[in-house]
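> no sequence on this one, just coordinates:
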């Protein structure tokens, strides 16, 4: 099972940007799809973005389309979530997860049962 560590969260004003990173321990990272989730206070965890193992296919939730970009660098065993034009409703703990794949399809994405600590993103003026 791949071990993932999220980083890059912080406090930013509305309209600002942040880039989150998801570092993986697994050398075969390029055989895993990666998904970014977020959980806002009092709300359920929701899927935000997914990227295929080869990086050729992506999914973005409607609420972040046009503002967020998911990418990956398999040579660095790292996936990223670039977040631009942040809004107060983007405030949440962001988690990454991974799913072993033998093909490059985007959805559905279920991920592993275990979760990391996540990284907190606070958008506030």
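Ah, there it is. This is a predicted model, so every value here is computed, not measured. Numbering: from 1, shown residues only.

> how much space is there between residue 84 and residue 42?
26 Å (CB to CB, to the nearest Å). C-beta: built from backbone N, CA, C; applies to glycine.

> Strands of the protein, start to end?
For the chain, the strands defined by DSSP state E occupy 4-7, 10-12, 18-24, 32-39, 46-51, 58-60, 68-73, 78-83, 92-100, 119-123.

> and residue 111, which of the ones you listed is closest to it?
Of all the strands of the chain, it is strand 92-100 that lies closest to residue 111, at 3.3 Å by CB to CB.

> Residue 31 - how many residues pack around it?
Residues near residue 31, counting by other CB atoms under 10 Å, number 16.

> ok, now which ones touch it?
By CB atoms under 8 Å, 6 or more residues apart in numbering, the contact list for residue 31 reads 53, 100-102.

> what about it, distance to residue 24?
Distance from residue 31 to residue 24, by CB to CB: 11 Å.

> Could you check how far residue 31 is from residue 121?
With CB to CB as the criterion, residue 31 and residue 121 are 28 Å apart.

> any idea of the pLDDT on the closest residue to residue 57 other than its chain neighbours?
Once flanking residues are discounted, residue 57 sits nearest to residue 106: 4.7 Å by CB to CB, 6 or more residues apart in numbering. If you check residue 106, the pLDDT there is 95.
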